[in-house]
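Peer 1: Kindly return the folded structure for what I paste below:
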Amino acid sequence: MSTRIAFLKGHGTQNDFVIVPDPENALDLPAAAVAALCDRRAGIGGDGLLHVVRSAAHPEAREMAAEAEWFMDYRNSDGSVAEMCGNGVRVFARYLQRAGHVEAGDLAIATRGGVKRAHLDKDGDVTVGMGRARLPEGEVTVSVDGRTWPARNVDMGNPHAVAFVDDLAHAGELLAPPPVAPAGTYPDGVNVEFVVDRGPRHVAMRVHERGSGETRSCGTGACAVAVAAARRDGADPEVTGEASTYTVDVPGGRLMITEYPGGEIEMTGPAVIVAEGEIDEEWLRAAGL
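Peer 2: Numbering: from 1, shown residues only. Here you go, the predicted structure:
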C-alpha cells in the first residue's frame, strides 16, 4: 500500500468492522495489512474488515456480478479470509446506502457464501436473508475448563458448534478456541457458541469466532443458535409448516432470527456507521504496508 486509503468504522450489535471502499479492487490487502488495521491498540480496531468491491472487479465474485453488483470481501481480524459474516452484511448494506450506491429497500450482496438478500428498513434495521442451515451428521463436544458439553453442528455457509449451558460464564474467557472433539471435525476451524435460555423462544449467547476470538455479536452464529434451539425444542418449520422466530441476545444487543418453512433464514438487527476518515501515510509506512 503506497497510497492514502479511505476507511469507515461501523458495527452491528457491537460486532465492529473496518470498512475499506475499493470499487475497482485496486488495493492489495494481504493478511498482515488486515491484521494491522484491525489491531485495537496500534490500528483502527475491529472484529474484521469489510473490503467493498464491485463483483465484476473481483475474481471470486465475477460469476455473481449479474445478480449482485457489490461483493463483500470479508476478512477476520487476524487477516484470514472468511466465507460469510451476518453482522458484516448488515453493516456492508448500510455503507452502500450511506455512499449513495443503493437506497432503502431490497438489494443483493455477493459473498463467498453466495448471494445474500438484504432489506434496508426506514427505521434503521437491516434484514438479511441468510440462506438455509445445514445440519451435518455426527456427534460433537465442546470443552472449557474441565467441563464438556454436547454441541450441535450447524453450517450457515461457515461452521458452528452450538452448546447449551447452564451459565454463560461457563464459556470461560474465550481468548483461545475452545477444544472441539472429535479432532479434525473442523479442519478450517469453527465458531463456537455457548447458549442459555432466557424465556420461550428467547436465548442468550456468547461466541468465539475463529480468527477473531470472543466478539460482541455474530450474525451467522445467532442464526445457528436459533436453528439449534428450534430443533432442540421440537420446532422444524419444514415439518410443522410454520415459521419459527427466536430472539437471540448477544453481548452487544439483540437479533431476531426467523426460519421459514422453505428453509430460508432471515436475520434482523441494527447496523451503524460510526466514523469515516483516511489512513495516515506514515502509519502505513511504519506498518510496512
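
Peer 1: if I've got this straight, V227 is in a helix?
Peer 2: Yes. Per DSSP: H, G, I helix; E, B strand; the rest coil, V227 lies within a helix segment.

Peer 1: That one contacts R132, doesn't it?
Peer 2: No. Contact criterion Cβ atoms under 8 Å: V227 and R132 do not qualify, at 9.4 Å. (Glycine included, C-beta is placed from N, CA and C.)

Peer 1: what about the helices in the stretch 101-250 of the chain?
Peer 2: Counting by DSSP state H, counting those that start in this stretch, the stretch 101-250 of the chain has helices at residues 219-232, 237-240.

Peer 1: Next, the buried residues of the first one.
Peer 2: For helix 219-232, the neighbour count (16 or more other Cβ atoms under 10 Å) marks 219-231 as buried.

Peer 1: pull the CA atoms of the helix or strand containing N87 into CSV?
Peer 2: Using DSSP states H and E, the element containing N87 is helix 86-98. Extracted C-alpha coordinates of helix 86-98, given in CSV (Å, rounded to 0.1, in the frame of the first residue of the first chain):
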residue,chain,number,x,y,z
GLY,A,86,-24.0,-11.9,9.1
ASN,A,87,-23.5,-8.7,11.0
GLY,A,88,-21.0,-7.7,8.4
VAL,A,89,-23.6,-8.0,5.6
ARG,A,90,-25.9,-5.6,7.5
VAL,A,91,-23.1,-3.1,8.0
PHE,A,92,-22.0,-3.5,4.4
ALA,A,93,-25.6,-2.8,3.2
ARG,A,94,-25.7,0.3,5.5
TYR,A,95,-22.4,1.5,4.0
LEU,A,96,-23.7,1.1,0.4
GLN,A,97,-26.7,3.2,1.4
ARG,A,98,-24.6,5.9,3.0
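
Peer 1: Run the chain-centre distance for that helix.
Peer 2: Put simply, helix 86-98 sits 11 Å off its chain's centre (Cα atoms, centre = their mean, to the nearest Å).

Peer 1: Not counting sequence-adjacent ones, nearest residue to the residue positioned nearest the centre of the chain?
Peer 2: Centroid-nearest residue in the chain: C85, 2.4 Å away (criterion: Cα atoms, centre = their mean). Among residues not flanking C85 along the chain, Y74 sits closest, at 5.0 Å (Cβ to Cβ, 6 or more residues apart in numbering).

Peer 1: Check I273 too.
Peer 2: Ranked by Cβ to Cβ, 6+ apart and with sequence neighbours excluded, the top spatial neighbour of I273 is G10, at 4.6 Å.

Peer 1: if we look at the helix or strand containing the one you found, which residues are touching it?
Peer 2: Under the criterion of DSSP H and E, G10 resides in strand 5-12. Defining contact as Cβ atoms under 8 Å, 6 or more residues apart in numbering, one finds that strand 5-12 is touched by 16-21, 27, 37, 44-46, 50, 87-88, 90-91, 94-95, 98, 126, 217, 219, 252, 269-279, 284.

Peer 1: now with 6 Å?
Peer 2: For strand 5-12, the external contacting residues (Cβ atoms under 6 Å, 6 or more residues apart in numbering) are 17-21, 87, 90-91, 269, 271-276, 278-279.

Peer 1: quick one, strands of the stretch 51-200 of the chain?
Peer 2: Under the criterion DSSP state E, counting those that start in this stretch, the stretch 51-200 of the chain carries strands at the ranges 70-76, 105-111, 114-120, 125-131, 140-144, 147-155, 159-164, 180-181, 191-199.

Peer 1: nearest to M64, of the ones you listed?
Peer 2: Evaluated with Cβ to Cβ, these place strand 105-111 nearest to M64, the distance being 4.0 Å.

Peer 1: Looking at that closest one now, give me its mean pLDDT.
Peer 2: For strand 105-111, mean pLDDT is 96.

Peer 1: And it, what's buried?
Peer 2: In strand 105-111, counting by 16+ other Cβ under 10 Å, buried: 107-111.

Peer 1: How about A204, nearest residue that isn't a chain neighbour?
Peer 2: Nearest one to A204, counting by Cβ to Cβ, 6+ apart, is D249 at 4.0 Å.

Peer 1: Please name the bridge partners of the one you found.
Peer 2: D249 has the following beta-bridge partners by DSSP bridges: A204, R254.

Peer 1: I'd like to know how many residues surround it.
Peer 2: Residues within reach of D249, counting by other Cβ atoms under 10 Å, total 18.

Peer 1: shift numbering so it begins at 6
Peer 2: New numbering, starting at 6: the last item is D254.

Peer 1: Tell me, what's the model's pLDDT at it?
Peer 2: pLDDT recorded at D254 is 98.
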